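> here is my input; please provide its structure:
(4 chains)
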There are 2 protein chains.
Amino acid sequence: MRCLIVEDDPRIAGDLARTLEASGFFVEHAADGEAAWFKGGTEDYDAIVLDLGLPLMDGLAVLKRWRAEGVTIPVLILSARGTWIERVEGIDAGADDYLPKPFRMEELVARVRALVRRAAGRAAPVEVAGALALDTTRMTASLAGRPITLTPLEFRCLAYLVLHRDRPVPSTELLEHLHGGEDGHELNAIEALVARLRRKLGPGVIETRRGFGYQIAEP
Amino acid sequence: MRCLIVEDDPRIAGDLARTLEASGFFVEHAADGEAAWFKGGTEDYDAIVLDLGLPLMDGLAVLKRWRAEGVTIPVLILSARGTWIERVEGIDAGADDYLPKPFRMEELVARVRALVRRAAGRAAPVEVAGALALDTTRMTASLAGRPITLTPLEFRCLAYLVLHRDRPVPSTELLEHLHGGEDGHELNAIEALVARLRRKLGPGVIETRRGFGYQIAEP
DNA sequence: GGCAAGCTGACAACAAGCTGACAGATCCGA
DNA sequence: TCGGATCTGTCAGCTTGTTGTCAGCTTGCC
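The predicted structure is shown next:
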């Protein structure tokens, strides 16, 4: 968990850092707008706590610039001026939450935690098992960074195996999952499907545990 | 123009829907907070009319959750309790406008229209995907700098594909988006539409990912 | 060695998607 | 109101990718 604190007052910054560190964050600090903009754009944080009154570049300007550049790290705005107009401006500029000063430290920690949780839920749903990566939004698969073209059924089959990679999946279960319980399908269809997947993925990715089922190989 | 109505009273919801439909909106409806949250987060509306007193999740909570998740669709709050405190709370939560009950239908329509106009003016009007550029306020398209004449439906279809260019869009979803969920339309209409678009755009712009959907080609 | 589980290449059936033609609907100017 | 132009949905026939089945094969286990 990495968190960036953007705050020019060294005393407040120190307080914030200590509190967040006590809650398990690795904290970094930027004291002015320029430094903040640079760090937020180049490093990968889980959350940013942003004060608005900053030297060199105003907090809102920094935020807008990040958002324009595609930085999606969740940002919590801190501000002494707690009017609702400013709140709306902050949200408008792309902030994820807003906390008016003065505030209790516990509340700050709770909000930053909530922000991180929410962002994790929103992230691109990519499942990874060793060198194998499945992106269920883009419907793409890759092996060791190399893209693999899969048909819909192949994709669903592989996704199911990756999701249950901690145990062998019987072919009867795959049949049930892929065809929604309709019968009239032979088990051999699954065998053929797995064979086609293996041809695309190469050996050593889908293992057969004879008598138990198929399983994605451990990294 | 798609509009989501969030209202638990079926009579009021029906009134609202009829009025907005008469003004040219495709209207969808959610009767509780959970459903509203889901629809607003996953579908692409031009405006949302949100009642505050809702089952399962309160209207304000839904709104806050949307804003926290980055949903920027303009929201008009409806409420029986018209105190200014509540108004501020609504704006604070990220609402774009506030209309106390009772209200005249004409006023509602006017405000929703204003909302949509404002949002259109504020949003980045030009969407770019590779050589393809769409100006959503002027409703013009160009490919490699050369202007392309599109019909209204073609434009909406292309805009939707460009907006979701990071993933394949199933033709069922296009059908739903373009016709606001009314059925009685055949999937083949989408195929014909895409064929017409391809004839204008040339090959290699709209790709078919068989079994997954259509997708704008990566640059 | 024998048996069952599992593999695989070939093939055929099927479904997804494409396209040109046509016709109903709508809009617009005269 | 009429006529023409444009837009858009439907249909039929076609192409192509996907997937189930079959038959014969290999592999592991008792």
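
> how far does stretch A:11-29 sit from its chain's centre?
With Cα atoms, centre = their mean, to the nearest Å as the basis, stretch A:11-29 stands 23 Å off its chain's centre.

> now do stretch A:144-156
Offset of stretch A:144-156 from its chain centre (Cα atoms, centre = their mean): 21 Å.

> that one close to chain B?
Yes: applying Cβ under 8 Å from any Cβ of the partner chain, one finds stretch A:144-156 touching chain B at A:T151, A:P152, A:L153. C-betas here are computed from N, CA, C, even on glycine.

> from the residues you listed, keep the buried residues only.
Using 16 or more other Cβ atoms under 10 Å in any protein chain shown as the burial test, the residues of stretch A:144-156 next to chain B include A:T151 as buried.

> please list which of the residues of stretch A:144-156 next to chain B are also close to DNA strand D.
Among the residues of stretch A:144-156 next to chain B, the residues within reach of DNA strand D (Cβ under 7 Å from any atom of the strand) are A:T151, A:P152, A:L153.

> let me know how buried the closest residue to the second one other than its chain neighbours is, in neighbour terms.
Just to be clear, that refers to A:P152. Among residues not flanking A:P152 along the chain, B:G211 sits closest, at 3.6 Å (Cβ to Cβ, 6 or more residues apart in numbering or on different chains). Neighbour count of B:G211, defined by other Cβ atoms under 10 Å in any protein chain shown: 14.

> equivalent analysis for A:L187, please.
Per other Cβ under 10 Å, the neighbour tally for A:L187 reads 12.

> and the gap between the residue nearest to it when sequence neighbours are not counted and B:T172?
Leaving aside its chain neighbours, A:L187 sits nearest to A:S171 (5.6 Å; criterion: Cβ to Cβ, 6+ apart). If you measure A:S171 against B:T172 using Cβ to Cβ, to the nearest Å, the figure is 30 Å.

> surely A:A133 is in a strand?
Yes: A:A133: assigned to a strand according to DSSP: H, G, I helix; E, B strand; the rest coil.

> list phi and psi for the closest residue to chain B within chain A.
Proximity of chain A to chain B (Cβ to the nearest Cβ) peaks at A:P152, 3.6 Å away. Per-residue torsions, A:P152: phi -50, psi -50 (degrees, to the nearest 10).

> repeat that for A:E207.
phi -100, psi 150.

> can you give me the strands for chain A?
Listed in chain order, the strands of chain A (DSSP state E) span A:2-6, A:26-30, A:47-51, A:75-79, A:97-100, A:126-129, A:132-135, A:140-143, A:146-148, A:206-209, A:213-216.

> so which of those is the most packed in?
Sort those by mean neighbour count, taking mean count of other Cβ atoms under 10 Å in any protein chain shown, and strand A:47-51 sits at the top with a mean of 26.

> neighbours of the closest residue to A:K64 other than its chain neighbours, how many?
Spatial nearest neighbour of A:K64, excluding adjacent residues (Cβ to Cβ, 6+ apart): A:A93 at 4.9 Å. For A:A93, the count of nearby residues is 19 (other Cβ under 10 Å).

> against A:A35, how distant is A:A93?
Distance, A:A93 to A:A35, using Cβ to Cβ: 19 Å.

> quick one: least confident helix or strand in chain A?
Counting by mean pLDDT, DSSP states H and E, chain A has its least confident helix or strand at helix A:84-93, which shows a mean of 64.

> re the thing from before, okay if I get the residues of stretch A:144-156 next to chain B as a markdown table plus pLDDT?
Listed next are those as a markdown table, based on pLDDT from 0 to 100:
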| residue | pLDDT |
| --- | --- |
| A:T151 | 96 |
| A:P152 | 94 |
| A:L153 | 94 |
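
> test my guess that A:E191 contacts A:L174.
No: using Cβ atoms under 8 Å, A:E191 is not in contact with A:L174; the gap is 9.9 Å.

> ok, these two, which is more surrounded?
Neighbour count, other Cβ under 10 Å: between A:E191 and A:L174, A:L174 has more, with 23 against 14.

> how about the nearest residue to that one, chain neighbours excluded?
Once flanking residues are discounted, A:L174 sits nearest to A:I190: 5.1 Å by Cβ to Cβ, 6+ apart.

> what residues are up against that neighbour?
Applying Cβ atoms under 8 Å, 6 or more residues apart in numbering or on different chains to A:I190 gives the contacts A:C157, A:S171, A:L174, A:L175, A:L178.

> the fourth one: how many residues sit nearby?
Going back to what we said before, that points to A:L175. A:L175 - counted by other Cβ under 10 Å - has 20 other residues nearby.

> could you measure from it over to B:T172?
Distance of A:L175 to B:T172, given as Cβ to Cβ: 25 Å.

> for the first one, same thing?
Relative to B:T172, A:C157 is positioned 22 Å away (Cβ to Cβ).

> the third one too?
When distances are taken as Cβ to Cβ, A:L174 and B:T172 turn out to be 25 Å apart.

> for A:I206, same thing?
31 Å.

> low-confidence regions, chain A specifically.
Chain A contains residues with pLDDT under 70 at A:1, A:22-24, A:81-89, A:91-92, A:102, A:106-107, A:114, A:117-125, A:180-185.

> domain map for it?
Per automatic domain parsing, the structural domains of chain A span A:2-122, A:126-216.

> pick the most deeply packed of those.
Most buried among the domains of chain A, counting by mean count of other Cβ under 10 Å: domain A:2-122, with a mean of 17.

> how distant is that domain from the center of its chain?
That offset, for domain A:2-122, works out to 18 Å (Cα atoms, centre = their mean).

> again, but for stretch A:197-209
The chain centre lies 28 Å from the centre of stretch A:197-209; the measure is Cα atoms, centre = their mean.

> can you name the residues of chain A that neighbour DNA strand D?
Checking chain A against DNA strand D by Cβ under 7 Å from any atom of the strand, the hits are A:151-154, A:178-179, A:184-186, A:188-189, A:192-193, A:196, A:210.
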